[in-house]
Every structure is written in structure tokens, then in C-alpha cells.
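quick one, structure for this:
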Amino acid sequence: MIISVIIVFAFLGSILITIIRNGWPAMSWEMITQLPGGGFYIGKEGGVLNAIVGSLYIVGASTVLGLLISIPIVFYINIYLKKDSKLSNITRLSFDVLYGIPSIVYGAFGFTIMIFLGLRTSLLGGIIVITLLIIPIFVRSMDEVARQLPKHLLEATYSLGATRYETIKVAIRQIAPGIATATLLSIGRAIGDAAGVMFTAGFTDSIPTSLDQPAATLPLAIFFQLSSPLPEVRERAYAAALLLTLIVLILSIIGRMITHRFSKNKIK
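Residues are numbered from 1 along each chain as shown. Next up is the predicted model:
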């Protein structure tokens with residue numbers, strides 16, 4: 001176990017050292033607050049504000065949509081249906097399969113639908129594909145927590161004359177740590193995805209002002225800049241990777257704080 005922990009921390013440390021060593025020289029306030037200048041592939045000026053805003057747009061909207069779709073599914077298969085019913089097991093198996101599908105397949109599927117509907121790459125396309133990508137994460141993560149709800153808690157709620165809807169409100173309070181954890185996992189997957197948004201969101205050097213405009217993301221900014229023949233531009237790619245890592249770290253800390261807060265109300 002100690003050796004395994006050491007190996008994990010060694011990989012994490014090597015990744016952080018590589019990103020910091022290559023990206024810190026290009027890190028500046030302009031990288032965060034300015035749009036890219038001179039062309040994104042060969043430009044050495046400006047920053048990645050377009051990619052930061054685009055990532056936040058896509059991740060924020062897809063997370064909200066994913067929660068709105070996933071929470072009813074979880075409670076339907078755990079409260080309205082029996083936890084181990086045939087339909088519940090088939091539903092879980094379906095989401096297990098969706099969970100394992102690579103993001104590039106989601107991107108190709110979304111791209112095919114967009115062509116059929118006559119849509120172009122846009123912020124809306126990226127939001128839809130990332131929402132489809134993270135729904136299985138939401139459902140399976142929250143479902144594992146919902147299945148651990150104490151049976152006597154639900155029975156006590158019903159015995160007081162509560163409806164299933166009122167029982168759900170009680171259950172939400174109990175699985176809140178699971179919802180926070182699922183949200184954290186989904187955000188981490190969504191903000192780091194490049195293949196899905198490459199087909200659907202496109203890329204742009206500007207900030208989108210409507211849903212039908214292309215949107216840049218940090219993973220795609222890293223991918224394109226690392227392909228540049230200019231060393232200065234490749235350094236900017238590592239700086240963008242450092243920004244992405246810091247954003248994930250901040251979100252992880254916030255998620256841990258929320259999980260710890262809601263865990264105090266959990267009945268074991």
C-alpha cells in the first residue's frame with residue numbers, strides 16, 4: 001500500500017513539475033485577462049481569456065443540465081421503483097455502458113446529429129455533448145449513494161403520511177454528499193474534455209456572445225498551441241495547462257468543503 005501511494009504521488013509530482021517548469025515562464029496577468037493576439041497558432045501576444053470563459057460556459061451549463069436530468073432518474077429507480085427491480089438493473093447497466101464510451105464517440109455522435117439538423121459548431125453544440133458525456137457519471141455516482149439510504153429512514157417517512165415526493169426531499173438531504181461528489185467528478189471530466197468539444201463547439205479567438213457562436217476551451221487551446229512550431233507558443237500551452245490545473249484544484253477544494261458540510265446531516 002505504501003509503495004502504491006508513493007507511485008501515485010510520483011506521477012502526480014512529475015506532472016505538476018513538468019507543467020510548472022514549462023508554463024511558469026509564460027504565465028502572466030495578461031494570460032488570464034486578455035484575448036489571444038496575432039493568431040492562436042503562431043501568436044505570441046495576449047492570453048487565453050476566450051478559452052477560460054468558453055470552458056466555464058460549457059462546464060457550468062452542462063453541469064446544471066446534467067443535474068436536472070440525473071437527479072430525477074436516480075430517485076425514480078431508487079424510490080418509485082424497487083432498488084433491485086429488473087428495470088432498475090437494466091437502467092444501471094445502460095448507464096454503465098454509457099459511462100465507458102470514450103468522449104470522442106460522443107463528439108462524433110453529436111457532430112452527426114448537428115449535420116443532420118443543419119447546425120454548425122457552436123457553444124450550444126458543446127454544451128449538449130458535454131451534458132450527454134457527464135449524465136452517466138452523475139447517475140452512477142449518485143445511485144451508489146442512494147442505494148445506501150437506510151431502509152428504516154424511508155419507512156419512517158412513509159409511516160408519517162409523507163408522499164413519495166416528500167420522501168424524495170428527505171432523501172436529497174441524505175445523499176447531498178453524493179451529489180456534491182458526483183458534481184465534482186463530472187466537472188473534472190467536463191472541463192478536461194477535448195475530443196467532444198472539438199467536433200461540436202469548434203474554436204475561436206473571441207468570447208462567444210450567443211449560443212450559436214463557436215467557443216474555445218482550455219483543453220483545445222493547449223492542444224492547438226502545443227502543435228505550434230514556435231517555442232514561445234508552446235510555452236503558452238503549458239501556461240494554459242497550469243491554469244486548467246489550478247481551476248480543477250480550486251473546484252476540488254470547494255467540492256470537499258461542500259461534501260464535509262452536508263455529511264454532518266447524514267443519518268447512518
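
residues contacting Val105?
By CB atoms under 8 Å, 6 or more residues apart in numbering, Val105 lies in contact with nothing. Bear in mind the C-beta positions are built from the backbone N, C-alpha and C, glycine included.

that one and Leu185: what is the separation?
Taking CB to CB, to the nearest Å as the measure, Val105 falls 19 Å from Leu185.

what is the top helix by length along the chain packed up against?
Scanning the chain for the longest helix, with DSSP state H as the assignment, gives helix 231-263. The helices and strands touching helix 231-263, judged by 3 or more CB pairs under 8 Å, 6 or more residues apart in numbering; DSSP states H and E, are helix 2-23, helix 29-33, helix 49-75, helix 176-191, helix 218-226.

and the angle from the fourth one to helix 231-263?
On the basis of axes from the mean of the first three to the mean of the last three CA atoms, to 10 degrees, helix 176-191 is oriented at 170 degrees to helix 231-263.

and helix 176-191 with helix 49-75, angle?
Computed by the same axes, to 10 degrees, the angle between helix 176-191 and helix 49-75 is 140 degrees.

now helix 176-191: average pLDDT?
What helix 176-191 shows for mean pLDDT is 83.

which regions of this protein sit below the pLDDT cut-off?
Along the chain, segments meeting pLDDT under 70 span 38-44, 82-83, 262-268.

now with 80, please.
In the predicted model, the chain carries pLDDT under 80 at residues 37-47, 79-85, 146-155, 157-158, 160-178, 227-232, 251-252, 255-268.

Ser122 touches Leu211, doesn't it?
Yes - using CB atoms under 8 Å, Ser122 is in contact with Leu211, at 6.3 Å.

so between those two, which is more surrounded?
Taking neighbours as other CB atoms under 10 Å, Ser122 and Leu211 compare with Ser122 leading, 20 against 14.

ok, the more buried one - contacts?
Contacts of Ser122 (CB under 8 Å, 6+ apart): 200-202, 208, 211-215.

neighbours around the spatially closest residue to Tyr238 that is not a sequence neighbour, how many?
With sequence-adjacent residues excluded and distances taken as CB to CB, 6 or more residues apart in numbering, Tyr238 is closest to Gly23, at 3.2 Å. Residues contacting Gly23 under the criterion other CB under 10 Å number 22.

distance of Gly23 from Leu49?
Distance from Gly23 to Leu49, counting by CB to CB: 16 Å.
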